[in-house]
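Peer 1: Quick check, what structure comes out for this input:
(4 chains)
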Amino acid sequence: MSKSLRIEDVLNWLSGLSMMVALYLVFVYAPTEATMGHVQRIFYFHVSSAWVGFFAFLVTLVGGIAYLRGGNRDWDTVALSSVEIGLTFTAMAVITGSIWAKATWNAWWPWQQEPRLVLVSILLLLYLAYLMLRAFVEGEERKARFAAVYGIVAFVSVPFTFMSVRWWQRLHPVVFEREGTHLAPAMLATFLFCLVAFTILYFTLLLHRSRLGRLADQAEGLKERLRTGEGG
Amino acid sequence: MIQVQGLVKSFGHTYALRDVDLEVTQGQFLTIVGPNGAGKTTLLRILATLLKPTSGLVRIDGLDVASRSAEIRRRIGFVSHQSLTYSKLTVEENLVFYGRIYDVPAVKERVDTLLTLVGLEARRHDAARTLSRGMQQRLSIARAMIHQPSLLLLDEPYTGLDQQAAEMLRQLLQTITAESCTVVMTTHNLQRALELCHTVAILAKGRIVHEAENTSLTLDDFQQAYWHYVGDRWPR
Amino acid sequence: MSFLNKVLAIVGKDVVAELRTKEMFSSMLVFALLVIVIFSFSFELRVENVAQVAPGILWVTFVFASTLELNRSLAMEMENGCLDGLFLAPMDRSAIYFGKMLGNLIFISAIEALMLPIFSVLFDLNLILPSLLLTIFLGTIGFAAVGTLLSAIAVNTRAREVMLPVLLFPIILPVVISATKVTGGILDGVPLADWAHWLRFLVAFDIIFLAVSYMTFDFVVQG
Amino acid sequence: MGYLFAAYAVFWGLTFAYVFTIASRQKRLENEIEALSRAVKREET
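Peer 2: Residues are numbered from 1 along each chain as shown, chains lettered A, B, ... in the order given. Take a look at the predicted model:
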């Protein structure tokens, strides 16, 4: 217990510190973008949030496969925790993206110009369905099994959705092209640091959320012991 | 025929079976009695390979249920408390379908034999949903016997039957067991429990608490034993 | 071959049951007519060119009809515990998957075949074109492949009728997008080369999801 | 500038809200587990 506590502490401090540095880099170190101005600074946290969302759902896939292979319930806890964190960050990406879109294109929801927006909203739907599935299945073991399968199928569909949305958009006039990789070195450095900081933040949250899952499991076990009046 | 050692089955934190030991020899008829929630259905479903044991050893004909389930399935017939038949299909179509998925050679002949055995020849072209509860149960037994299993598992076969249907079922089971088929049956009816079996076991709270030979057992003695072992759960 | 024989036995009994009651076909016919009536009322005032909205209406109808069919198909196995009866048989669980999947494919295709002429008449468009039939077929395989797996999950949940669309729609969205695009392209007379990549895309989706569903089906149906 | 502020406010708002829910759920469960363990101990003695 004491050892895992230490890892928690290290991660807590590390993520706090790296987020502070990230803020400094975003607002002070990174130069102001020429055409878009200060609003472009949304980019760093927006893309990083989206990255954490995507990465979290990848972890859910891995957790699902590991659970189905070994039957270790901890993997199910990790998968569920990751979905929750992933949804939170995807929601952040959607909201910050929408604000950015309003600032640059004067539209909160530019479906046609920004296919990634569609993709992200589908991700939200997919993993809300994942949570809904868990809420509607009876029995812990079966819940974990179904969720694992859905986590796998859902993630496999993501590249297809991405591609179809991409191609779907191609028939419409491309109004804005984002200069993805043409970032100035200082911007790129800031961006990369943000990615790292967010990934650390993700793992910190995952650790705490998984602990929550284990506690819930423990509480269930105790309740069952009380109910049957016998040790498990 | 059946060997069970230290069988445990849990659903999450709930334990359905805790440390069950059981031994059934070839041709034996074992009845398991116990109150609702004792774990009877769970035990039968594990023997039928429908559920995997959490831990412990379960062997049928020396084959492990977890790893050799396909071979075991050829040897067992399972009569569930549901009929496992398609209500829209006719009696004959149901049996032919199951015959095909069990790889039964000469399905037609086998179906004819079974329909005669369970006395449903006259209803063979009727949809399964039009059958009475007793007939459904006999169809269900015919379904379970389609591939000539050497082990028959019956889960609460008498539930929901009237006196006459239950009597027909008893005669049918007597005929089947005369062919030296091994049978494991569960019930919560103590009188039915003692009718045909060689051995009777009491299952309570996921454990086999009592086992007895049925040679000189009277219903009164058995009822005494049942109350003693099942205790507080039995309504007095 | 015994595996194929078992798959066909499962498909066969579904077909026989349906031919006997014709429950699904009659309800689907009414359903298709209803959808068309509702759509024609809701678009009537705005749309001057039906060909613009026809692909969308067509695929929305197909998706909803498939969902109804998938729910019904697995519900039939849940009745009287028949699914247990299938699991008790000495066969690989993938035979159950392919059996149910093929059955679903046949039924959904039959429903679509029933609806196409109705749509053709009411939209005054010729929808019975080989290229369009191919697209519909490929899209239907995609629905059936994922739908069979997810309906096996959905039947084990509370509120199962709602659960299936919630699980299924976000996953088959790529199929709907691409199929609608291709249908639009065909109706507009766009040359094959311009939408051939969509067909390849559909084939890839079908193959991958057949494989994933086949591999995970066992975990859905055990215990 | 207003948009930039709004975006970052949303980000930090959501992050803290999420961390807070995790922390409070953990607290609640810890209390519950403690109460339950005491109850189990009582039962056993």
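Peer 1: For residue B:3, list each beta-bridge partner.
Peer 2: Assessed by DSSP bridges, residue B:3 has beta-bridge partners residue B:23, residue B:59.
Peer 1: residues near it, how many?
Peer 2: Residues near residue B:3, counting by other C-beta atoms under 10 Å in any protein chain shown, number 16. No exception for glycine: its C-beta is placed from N, CA and C like everyone else's.
Peer 1: Residue D:16 too?
Peer 2: Using other C-beta under 10 Å: residue D:16 sits among 10 other residues.
Peer 1: Tell me how many other residues crowd residue 74.
Peer 2: In the absence of a named chain, this looks at chain A. Residue A:74: 15 surrounding residues under other C-beta under 10 Å.
Peer 1: I was after chain B.
Peer 2: 14.
Peer 1: Would you mind listing the buried residues in the helix or strand hosting it?
Peer 2: Per DSSP states H and E, residue B:74 falls inside helix B:69-75. Buried positions in helix B:69-75, judged by neighbour count with 16 or more other C-beta atoms under 10 Å in any protein chain shown: B:69, B:72, B:73, B:75.
Peer 1: Now stretch C:77-86: average pLDDT?
Peer 2: The average of the pLDDT scores along stretch C:77-86 is 88.
Peer 1: Give me the buried positions along that stretch.
Peer 2: By neighbour count, with 16+ other C-beta under 10 Å as the criterion, the buried positions of stretch C:77-86 are C:77, C:80, C:81, C:82, C:83, C:84, C:85, C:86.
Peer 1: pretty sure the third one is in a strand, no?
Peer 2: This means residue C:81. No: Residue C:81 is assigned helix when assessed by DSSP: H, G, I helix; E, B strand; the rest coil, not a strand.
Peer 1: give me the number of residues near the residue nearest to it when sequence neighbours are not counted?
Peer 2: Computed as C-beta to C-beta, 6 or more residues apart in numbering or on different chains, the closest residue to residue C:81 that is not its neighbour in sequence is residue B:82, at 3.4 Å. As a burial measure, residue B:82 scores 16 neighbours (other C-beta under 10 Å).
Peer 1: hmm, back to that, identify, from the buried residues of stretch C:77-86, the entry nearest to residue A:68.
Peer 2: residue C:83 (19.9 Å; C-beta to C-beta).
Peer 1: Contact partners for that closest one?
Peer 2: C:77, C:221 (C-beta atoms under 8 Å, 6 or more residues apart in numbering or on different chains).
Peer 1: if we go to 6 Å?
Peer 2: Shown in contact with residue C:83 (C-beta atoms under 6 Å, 6 or more residues apart in numbering or on different chains): residue C:77.
Peer 1: where does the closest residue to chain C within chain D land on pLDDT?
Peer 2: Here chain D gets closest to chain C at one residue, residue D:14, 22.3 Å apart by C-beta to the nearest C-beta. Residue D:14 is assigned a predicted lDDT (pLDDT) of 89.
Peer 1: Residue C:59 too?
Peer 2: With respect to pLDDT, residue C:59 has a value of 92.
Peer 1: any idea how far residue C:115 is from it?
Peer 2: Applying C-beta to C-beta, to the nearest Å, the value for residue C:59 to residue C:115 is 11 Å.
Peer 1: List of residues touching stretch A:188-199?
Peer 2: Stretch A:188-199 has contacts (C-beta under 6 Å, 6+ apart) with A:18, A:19, A:22, A:25, A:30, A:44, A:48, A:51, A:52.
Peer 1: Any regions of chain A where pLDDT drops low?
Peer 2: Low-confidence segments of chain A (pLDDT under 70): A:1-5, A:110-114, A:169-182, A:228-232.
Peer 1: Next, the contact list for the spatially most central residue of it, please.
Peer 2: Geometric centre of chain A, nearest residue: residue A:53, 1.9 Å, by C-alpha atoms, centre = their mean. Listed by C-beta under 6 Å, 6+ apart, the contact set of residue A:53 reads A:86, A:89, A:90, A:93.
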